[in-house]
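Chemist: Would you be able to build a 3D model of this:
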Amino acid sequence: MARGVPDLNALISGLLRDLASVQADKPKQWGYKGAAAVIQELDAQVTDLIDREGRLQAIPFVGPASLRVINEVMATGRSELVERAVQSSGRTADVERRRALRGGVLSRAEVVRVLRLPLRGVVRTADYRGDLQMHSTWSDGAEPIRALAGACAARGYEFMAVTDHSKGLPIAGGLSDAELQAQHREIDALNGEDALSCRILKGLEANILLDGSLDVSRADCHGVEIVLAAPHAKLRTPADQTERLVNAVRTPWVHVLAHPRGRMAGSRPGVTADWDAVFETAARSHVAVELDGDPARQDLDHALAARALAAGCTFALDSDAHSSRQLGYADTALAHARLAGIPADRIINCWPLERLLDWLER
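Modeler: Numbers count the residues shown, from 1 in each chain. Down below sits the predicted model:
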C-alpha cells in the first residue's frame, strides 16, 4: 500500500507465488509463478480491468484457478483458496517467512500510479537526467556498451554510467585490471563519436567484503569516474553487519552504496544492520545511498529511504539494468523516491552533468 491506496496487484502476485510454492506438481508451480509475474508487471491494477458487465477481462497466461484468486482478493482482500492450500501443505512457516520478505514491494501498476501523483516538492520523472548503474557484456550484462548507450540516448538521458562488476566477483564476470582498462578505451572511443548524445561515465560496482573493505584498491580504480560499493555475500544471516557497511561507506573512493541490503523480495532478507547509523555515516562521508529499481530488489524501499532522507543522505536512483529493456526499472526507483518524499536536488541522477562530475571528483 502507498499513500492509502491498496496495491492489489502486489498482493495477488504474492499470493500466487505462495500457491506455487506449495504445489507438488511442477507444471502447476510454473503456471502459478507465470501468472504471478504477469500480474506483477501489469501497467493497470486488476480493478481497472473490469468491464461494464462487472467481469474481469481475460489476462494472457492467467488461468481459471489464478483468476479465482484474483476475484477473491478483489472481493475480500484475501484468498481462501490460497490459505487452504497453504494450511494443508504443512509448509505454513515457510510461506509466512517468504511473505515477511515482500515488504515494501511495489507492482508495476503501483509504480505507474505513483509516478502520476501530483506530489509537490519531490522528484519527478522529468527531473531524471541519467542512470548510474547498469551492466554490459563486459561482465554479466546481455548487451554491449554501444547498445546500452543508444537506449539511454533514446530515453533522453544526458549521461549514463557503465558499472560492470569488479574483479573480486568472478561469478558475475568481474573485470580484471586489464579488462577494465580495455573497457575504458572503448568508452573513450564511444564518447568521441559526435552522433552519441549521451555521455558515458566509467563506473565500477565493487564488492563489499565481510570486514567492510572492498575487493579493489584506490589504485585499481584508476580512471574510474564513479565507484559503487555493494554487498554480494552473507545476505541471509540475521547477524548484525552495521560495522561492515559503515566501513564501506567510509572508504574514500566510494561514491555510492548500491542496493544496500542486497535483498531479493520474497527469497532473502539481505543485510541486517542499524540502518540509521549507516545512513548517518553515509551522509557525513558524502556517499550517496542507492534506490535500486530492479523489481526483484526495490532496495532501498520507500520506508528505509525516508529514514535515509531524515539522516541527511544524498541518493542515487538506478535501474541496475542488465539489458536495454531493463532500463525502465529506473521508474521503480523513482516511485520509491517520490513516496519517501525525496526532492530532486538530493538525487545525483537529477543534477546537471557538470555538477555531478564535480561531486564525483571531490
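Chemist: Could you use CA atoms for every contact and neighbour count after this?
Modeler: Will do.
Chemist: and E205, what helix or strand is that in?
Modeler: strand 199-208 (DSSP states H and E).
Chemist: Which strands and helices lie in contact with that strand?
Modeler: strand 159-162, helix 177-191, strand 226-231, helix 242-249 (3 or more C-alpha pairs under 8 Å, 6 or more residues apart in numbering; DSSP states H and E).
Chemist: Identify, out of those, the most deeply packed stretch.
Modeler: Highest mean neighbour count of the helices and strands packed on strand 199-208: strand 226-231, a mean of 26 (counted as mean count of other C-alpha atoms under 10 Å).
Chemist: what angle separates it from helix 242-249?
Modeler: Here the directions of strand 226-231 and helix 242-249 differ by 170 degrees (axes from the mean of the first three to the mean of the last three C-alpha atoms, to 10 degrees).
Chemist: Neighbouring strands of strand 226-231 in the sheet, and parallel or not?
Modeler: strand 199-208 (parallel), strand 256-257 (parallel) (DSSP bridges).
Chemist: Make CSV out of the helices and strands packed on strand 199-208 and add distance to L304 and mean pLDDT.
Modeler: What follows is those, written out as CSV (distance: least, C-alpha to C-alpha, whole Å; pLDDT from 0 to 100):
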stretch, distance to L304, mean pLDDT
strand 159-162, 25, 98
helix 177-191, 33, 96
strand 226-231, 17, 98
helix 242-249, 15, 98
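Chemist: How about H184: what's its closest non-neighbour residue?
Modeler: Of all residues not flanking H184 in the chain, K202 sits nearest, at 6.6 Å (C-alpha to C-alpha, 6 or more residues apart in numbering).
Chemist: I would like the residues contacting stretch 166-186, please.
Modeler: 138-140, 164-165, 202, 204-207, 215-216, 220, 223 (C-alpha atoms under 8 Å, 6 or more residues apart in numbering).
Chemist: coming back round to it: could you export the strand holding E205 as PDB, CA atoms only?
Modeler: What follows is strand 199-208 as a C-alpha-only set of coordinates in PDB (Å, rounded to 0.1, in the frame of the first residue of the first chain):
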ATOM      1  CA  ARG A 199      27.900  11.000 -22.100                       C
ATOM      2  CA  ILE A 200      29.100   7.600 -20.800                       C
ATOM      3  CA  LEU A 201      30.800   7.600 -17.400                       C
ATOM      4  CA  LYS A 202      33.400   5.000 -16.500                       C
ATOM      5  CA  GLY A 203      32.000   3.100 -13.500                       C
ATOM      6  CA  LEU A 204      32.600   0.000 -11.400                       C
ATOM      7  CA  GLU A 205      30.500  -2.000  -9.000                       C
ATOM      8  CA  ALA A 206      32.900  -3.000  -6.300                       C
ATOM      9  CA  ASN A 207      32.200  -5.900  -3.900                       C
ATOM     10  CA  ILE A 208      32.000  -5.200  -0.200                       C
END
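Chemist: Quick one: distance of it to the chain centre.
Modeler: Distance of strand 199-208 from the chain centroid (C-alpha atoms, centre = their mean, to the nearest Å) equals 16 Å.
Chemist: same thing with stretch 73-93?
Modeler: With C-alpha atoms, centre = their mean, you get 29 Å for stretch 73-93.
Chemist: next one: stretch 258-266
Modeler: For stretch 258-266, the distance to the chain centre is 8 Å (C-alpha atoms, centre = their mean).
Chemist: Let me see the contact set for the residue of the chain most remote from its centre.
Modeler: Distance to the chain centre peaks in the chain at E53, reaching 38.3 Å (criterion: C-alpha atoms, centre = their mean). Applying C-alpha under 8 Å, 6+ apart to E53 gives no contacts.
Chemist: Just the pLDDT for it.
Modeler: In this model, E53 is scored at 80, pLDDT.
Chemist: you'd agree it is in a helix?
Modeler: No: secondary structure of E53 (DSSP: H, G, I helix; E, B strand; the rest coil): coil, not part of a helix.
Chemist: now the helices and strands packed on strand 199-208 as TSV including distance to L106?
Modeler: Listed next are the helices and strands packed on strand 199-208 as TSV, based on distance: least, C-alpha to C-alpha, whole Å:
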stretch	distance to L106
strand 159-162	25
helix 177-191	34
strand 226-231	22
helix 242-249	26
